[in-house]
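Chemist: Build me a structure from this.
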Amino acid sequence: MIPAPVLLGNLVESLRLVASDIEDQIKALPSFVHLPDEIALTYDDEFSQADQIHQAGLINDSIMEKLKALESLFDHMSDNKELWTHQALANSPEWAEPRRMARDILHDLDQGWNRKLHSPP
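Modeler: Below you'll find the model as predicted:
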């Protein structure tokens, strides 16, 4: 079992990826991946551990609700195939919202969003 602090670190990195501008997202991920999918799936993978992080007391109820809202937004976005293009990731207002939400969560966690990204866990 992975310790909750490690899971939190992975979650923070996935949030930084979501929060980043497209230029930094491109730099952070391998060129062979489909960028919009990889960003959302990376967050989804780490979000799946949020309950364990919450139960360990590393995130509060408010942050947990915001994490759920971001996951729900990505689920809703998945219904619109036009949002899952490089062009949409770069220019659509629909992708501005997950960035804003991730930045807000990182702020609540006292984590900067514009730090150098690491490769996703």
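Chemist: use CA for all of it now, contacts and neighbours both
Modeler: Noted.
Chemist: show me where pLDDT drops low in this protein?
Modeler: Scanning the chain with the threshold set as pLDDT under 70 gives 112-121.
Chemist: just to confirm, which helix or strand has the most centrally placed residue in it in it?
Modeler: Nearest to the geometric centre of the chain sits L15, at 3.4 Å (C-alpha atoms, centre = their mean). Here L15, judged by DSSP states H and E, is contained in helix 4-19.
Chemist: can you pull out the helices in the chain?
Modeler: Remark: helices assigned in the chain by DSSP state H are 4-19, 22-28, 35-47, 50-55, 61-77, 86-91, 93-108.
Chemist: Would you mind finding the most buried of these?
Modeler: helix 4-19 (a mean of 22; mean count of other C-alpha atoms under 10 Å).
Chemist: what angle do it and helix 61-77 make?
Modeler: Orientation check (axes from the mean of the first three to the mean of the last three C-alpha atoms, to 10 degrees): helix 4-19 against helix 61-77 gives 50 degrees.
Chemist: Please tell me how far helix 4-19 is from the chain's geometric centre.
Modeler: Its chain's C-alpha centre and that of helix 4-19 lie 8 Å apart, by C-alpha atoms, centre = their mean, to the nearest Å.
Chemist: now stretch 61-74
Modeler: Taking the mean of its C-alpha atoms, stretch 61-74 sits 10 Å from the chain's own mean (C-alpha atoms, centre = their mean).
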